[in-house]
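Colleague: Sequence plus predicted model, see below.
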Amino acid sequence: MLILAFDFSVLTKFNSMAESYDFKIVKSGKEIEVYQYKDKEILRGYKRKERNNKKVKPFKGQLNFNEYKKELKRLEEWEKEYKAKTVFSISRTRTNIRRLANANPHLNKFLTLTFAESTTELTKANNLYNQAMKRIIRKRKDFEYIAVVEFQKDIDYHGNKKEKGGSVHYHLLCNIKMPKTENLKELFDWEKWFALRYWKYGFIKIKDVRQVSNMGAYFCKYLGKDMFDKRMFGKKKFFCSQKLKKPVEMTGYKATIFYDQHISGLTPIFAKTFFSEYAGTIDYSAFTLPEDIPVILNIDNQKNDQRKTYFGISEII
């Protein structure tokens, strides 16, 4: 039988020092991810010394052949490292979005916003998008959302390459109220009304996705190759409401207790073992709880910290 609340306050007091662990759970609503670190313990809370990144002075002379080979190798290594960091950053963004979506199952409407006129400049498009969000929130105070940016294909209907690339559009998971009707004309009329009143820059399409079991995985399928588009580098790849529920991270024996009480009897929906250069060999498994289990967080505000930590449990923000 599932216990509907889990309070770790009786177990320990918060330790502000660095923490090491070899077992971690990330809880995003009913979706659970379990990490078992096989080779070593992971250290969290330890602040590394800042690197002394000296600027490289531009070379104004000439290189001999050996120096040229060394410089070429250095540039190749830098490019390889840069690509690896880019892939890691995008993977982390996808993971954050997936977990955030699963932690907020009330966001069960899938809304797409497109521009009537081709809009390829991302900063301009984002400004228009933000104005639309403000219009909605002014009228619907409880409106919440997660939004991702996507570019349309660079090839038009006739197979010709678009000079400025594909136009920007947005996919949102949100809690907007839509008409309860299966009449396609009534739904089309509502979409047209919503576009004229709130979006104003083109067209919208809405879909009820309450039947989707893993909302995070469903939403992330829209985060594909566009995230590697050079127009996305250095730009925000997703937007979300500030008051959404955050995924919860548990480590060490707190995670072990939660696992023993709520997960040990379940069959994983996915499992694999992989190797990380940083963490070594990791056993990963994913589970879906029959129902959500609130984790009671005992608040101990920590200034200048990017994650709120509560007696060994963290809210990922």
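Modeller: Yes, it's here. On a predicted model such as this, the values are computed, not experimentally measured, just so you know.

Colleague: For the closest residue to G252 other than its chain neighbours, which residues are in contact?
Modeller: Spatial nearest neighbour of G252, chain neighbours left out: Y21 (4.2 Å); criterion: C-beta to C-beta, 6 or more residues apart in numbering. (C-beta placed from N, C-alpha, C; glycine too.) When contacts are counted by C-beta atoms under 8 Å, 6 or more residues apart in numbering, Y21 is found next to 37, 41-42, 44, 251-252, 255.

Colleague: For F270, what are phi and psi?
Modeller: Phi and psi for F270, reported as degrees, to the nearest 10, are phi -160, psi 140.

Colleague: quick one on the thing from earlier: most neighbours among the contacts of Y21, please name it.
Modeller: A255 (24 neighbours; other C-beta atoms under 10 Å).

Colleague: And what about it, helix, strand or coil?
Modeller: helix (DSSP: H, G, I helix; E, B strand; the rest coil).

Colleague: Could you double-check that it lies in contact with I25?
Modeller: Yes: with contact defined as C-beta atoms under 8 Å, A255 counts as touching I25 (4.3 Å).

Colleague: Pull up the overlap in contacts between these two.
Modeller: Residues touching both A255 and I25 by C-beta under 8 Å, 6+ apart: V34.

Colleague: that older thread, okay, who's weakest in the contacts of Y21 by pLDDT?
Modeller: Within the set of the contacts of Y21, pLDDT is lowest for R44 (75).

Colleague: ok, now how distant is it from K24?
Modeller: Distance, R44 to K24, using C-beta to C-beta, to the nearest Å: 9 Å.

Colleague: Please apply the same query to D39.
Modeller: Taking C-beta to C-beta, one finds D39 at 14 Å from K24.

Colleague: Just want to know which of those two has more residues nearby.
Modeller: Applying other C-beta under 10 Å to D39 and K24 shows that K24 carries more neighbours, namely 20 against 11.

Colleague: does that one sit in a helix, a strand or a coil?
Modeller: Following three-state DSSP, K24 is assigned to strand.

Colleague: dump the residue contacts of it.
Modeller: K24 touches 34-35, 37, 42, 249-251, 255, counting by C-beta under 8 Å, 6+ apart.

Colleague: Output the longest strand seen in the chain in CSV with nothing but the alpha carbons.
Modeller: Across the chain, the longest stretch assigned as strand under DSSP state E is strand 280-288. The C-alpha atoms that make up strand 280-288 are tabulated as CSV, following Å, rounded to 0.1, in the frame of the first residue of the first chain:
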residue,chain,number,x,y,z
GLY,A,280,32.0,6.0,-14.3
THR,A,281,29.6,3.1,-14.7
ILE,A,282,25.9,4.0,-14.0
ASP,A,283,22.9,1.7,-13.7
TYR,A,284,19.9,3.7,-14.8
SER,A,285,16.2,2.6,-14.5
ALA,A,286,12.9,4.4,-14.9
PHE,A,287,9.6,3.6,-13.1
THR,A,288,6.0,4.9,-13.1
